[in-house]
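**Student:** What follows is a predicted protein model with its sequence.
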Amino acid sequence: MGERDDLDASVAEGIITPEQAAAIRRKRAETDEPFRLVSNFGDVFLCIGLLFVYWAQGAFMLVADMPVLWVHAGFAILFWLIAEFFVFSTRRKFPAVVAIALFTLSVHRIASLYLGDISLSGMAFGYFSGIETGIRAIEHLAVITGALLLALLRFRQPIIVLGLGLCATLLAFAFARLYVAETPARIVLAACGLFFLLLGFLLDMKDKARTGIWHEWALWLFVLGSPLTVHPIFLGLIGEQLTVSQSGTVRDFLRLDLEGVIWTVSFLAAGFSLLGLLLDRRSLVASTLLYLAAILTYATFRSGLGFSTAAAVVPLTIGILVILLGVGWDHARAALLRIIPFRRAFRAAHRDPAHFDR
């Protein structure tokens with residue numbers, strides 16, 4: 001039974017008055033964030049069933065006496081109807097999102113019948129071997145983007161923006177790769193990331209207390225925009241150095257002369273961490289951890305310690321710092337807001353230190 005059901009039952013039994021129930025709901029709205037993807041294990045159970053249905057799609061083509069197109073189209077329609085049921089009837093968010101994802105994959109299977117197969121990993125990471133492959137990737141990404149856009153317009157689930165924004169960014173990146181090399185094309189990734197961060201920031205400004213639906217849209221925009229912004233910047237500093245070596249392994253990375261990069265990466269990581277505290281978004285901090293770990297491992301190794309020692313000490317140190325920052329996030333943010341100008345623009349109406357899962 002949910003919290004709202006408990007309050008309604010308490011009112012019906014005369015334990016509390018309707019006015020008291022309304023006051024409790026208002027108090028909960030002041031402290032609870034409206035983001036909950038999984039309500040209970042029942043949602044997970046339903047998702048397992050959906051995955052089995054999708055799994056059966058491939059084998060169904062072997063036994064069904066009908067064209068392959070009809071099979072994929074039938075499963076796409078099935079997953080769409082299931083999403084309709086979960087979104088508008090039972091309001092189960094997680095199974096609805098999984099059904100939407102499986103609908104998108106089924107639509108992509110239909111498109112693959114006409115466009116030809118392509119490596120999903122190649123599309124995701126921009127590994128295009130030529131103009132022909134790049135154009136094919138654009139066609140596939142356009143189909144996936146269109147399917148997700150249709151689902152977003154119909155179901156209006158904020159998490160869909162994560163997949164839609166990622167596919168749209170990859171689509172723009174694929175276009176850029178047709179005309180320029182991979183390195184300058186990364187500017188597209190950074191530009192898209194900054195756009196998503198700015199949009200998330202504007203939505204946060206509309207709901208500083210983060211008690212409404214705008215907060216959930218902003219959450220996924222920050223989850224998407226943070227790595228898209230951080231990745232091109234840090235990869236431009238570190239990744240290009242790895243190409244100097246033949247194999248590009250971690251040990252090759254440790255042997256490179258990167259003293260000039262250490263302070264730059266550390267400074268940028270600290271800057272993104274302060275920005276994350278200022279905006280109250282942990283995704284900005286999390287996006288820098290991999291690069292920070294790499295550069296700190298390098299610095300530790302170059303200081304005279306062995307590779308094994310560096311590989312053990314750095315993750316342990318970063319892990320402890322992340323835990324401490326996560327536990328004391330609200331207190332650290334409050335301290336930061338006390339020393340910066342324009343603090344009122346970033347201070348929420350209320351924040352309960354017990355809630356730190358943004």
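**Tutor:** Nice, thanks for sending it over.
**Student:** Output the contacting helices and strands for the helix or strand that T183 is a member of.
**Tutor:** Taking DSSP states H and E as the criterion, T183 maps to helix 182-206. Judged by 3 or more CB pairs under 8 Å, 6 or more residues apart in numbering; DSSP states H and E, helix 182-206 is in contact with helix 160-177, helix 213-234. (Each C-beta comes from the backbone N, C-alpha and C, glycine too.)
**Student:** Select from those the stretch with the lowest mean pLDDT.
**Tutor:** Mean pLDDT across the helices and strands packed on helix 182-206 is lowest at helix 213-234; the value there is a mean of 87.
**Student:** Could you tell me how far that one lies from the centre of the chain?
**Tutor:** Relative to its chain's centre, helix 213-234 lies at 7 Å (CA atoms, centre = their mean, to the nearest Å).
**Student:** Can you spell out which helices and strands pack onto it?
**Tutor:** Going by 3+ CB pairs under 8 Å, 6+ apart, helix 213-234 lies up against helix 160-177, helix 182-206, helix 259-279, helix 282-286.
**Student:** Now render those helices as TSV, adding distance to L46 and mean neighbour count.
**Tutor:** What follows is those, written out as TSV (distance: least, CB to CB, whole Å; neighbours: other CB atoms under 10 Å):
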stretch	distance to L46	mean neighbour count
helix 160-177	18	21
helix 182-206	30	18
helix 259-279	34	16
helix 282-286	28	21
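**Student:** okay, the ones you listed in a markdown table with distance to L105 next?
**Tutor:** Below are those laid out as a markdown table (distance: least, CB to CB, whole Å):
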| stretch | distance to L105 |
| --- | --- |
| helix 160-177 | 11 |
| helix 182-206 | 23 |
| helix 259-279 | 33 |
| helix 282-286 | 26 |
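**Student:** And these: which comes nearest L62?
**Tutor:** With CB to CB, the closest approach to L62 among the helices and strands packed on helix 213-234 belongs to helix 160-177: 29.5 Å.
**Student:** who touches that closest one?
**Tutor:** Helix 160-177 is contacted from outside by 97, 100-101, 104, 123-124, 126, 128, 134, 137-138, 141-142, 144-145, 148-149, 151-152, 184-189, 192-193, 196, 217, 220-221, 223-225, 228, using CB atoms under 8 Å, 6 or more residues apart in numbering.
**Student:** re earlier: make JSON lines from the helices and strands packed on helix 182-206 and add distance to G328 to it.
**Tutor:** JSON lines is the format used below for the helices and strands packed on helix 182-206 (distance: least, CB to CB, whole Å):
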{"stretch": "helix 160-177", "distance to G328": "28"}
{"stretch": "helix 213-234", "distance to G328": "20"}
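**Student:** Identify the residues contacting A190.
**Tutor:** L228, T229, P232, I233.
**Student:** try 7 Å
**Tutor:** Contacts for A190 were tallied using CB atoms under 7 Å, 6 or more residues apart in numbering; they are T229, P232, I233.
**Student:** List the backbone torsions phi and psi for Q157.
**Tutor:** phi -90, psi 120 (degrees, to the nearest 10).
**Student:** So it versus A151, what's the distance?
**Tutor:** Counting by CB to CB, to the nearest Å, the gap between Q157 and A151 amounts to 8 Å.
**Student:** same question, V68
**Tutor:** Applying CB to CB to V68 and A151 gives a distance of 23 Å.
**Student:** the more surrounded of the two?
**Tutor:** Neighbour count, other CB atoms under 10 Å: between V68 and A151, A151 has more, with 25 against 13.
**Student:** what's the closest non-adjacent residue to that one?
**Tutor:** Once flanking residues are discounted, A151 sits nearest to I100: 4.8 Å by CB to CB, 6 or more residues apart in numbering.
**Student:** So that neighbour sits against L152, correct?
**Tutor:** No: applying CB atoms under 7 Å, one finds I100 not in contact with L152, separated by 8.9 Å.
**Student:** of these two, who's got more company?
**Tutor:** Remark: of I100 and L152, I100 carries more neighbours, 27 against 17, as counted by other CB under 10 Å.
**Student:** so which strand or helix has the more buried one?
**Tutor:** With DSSP H and E as the criterion, the answer for I100 is helix 93-115.
**Student:** What are the buried residues along that helix?
**Tutor:** By 16 or more other CB atoms under 10 Å, the buried positions in helix 93-115 come out as 93-111, 115.
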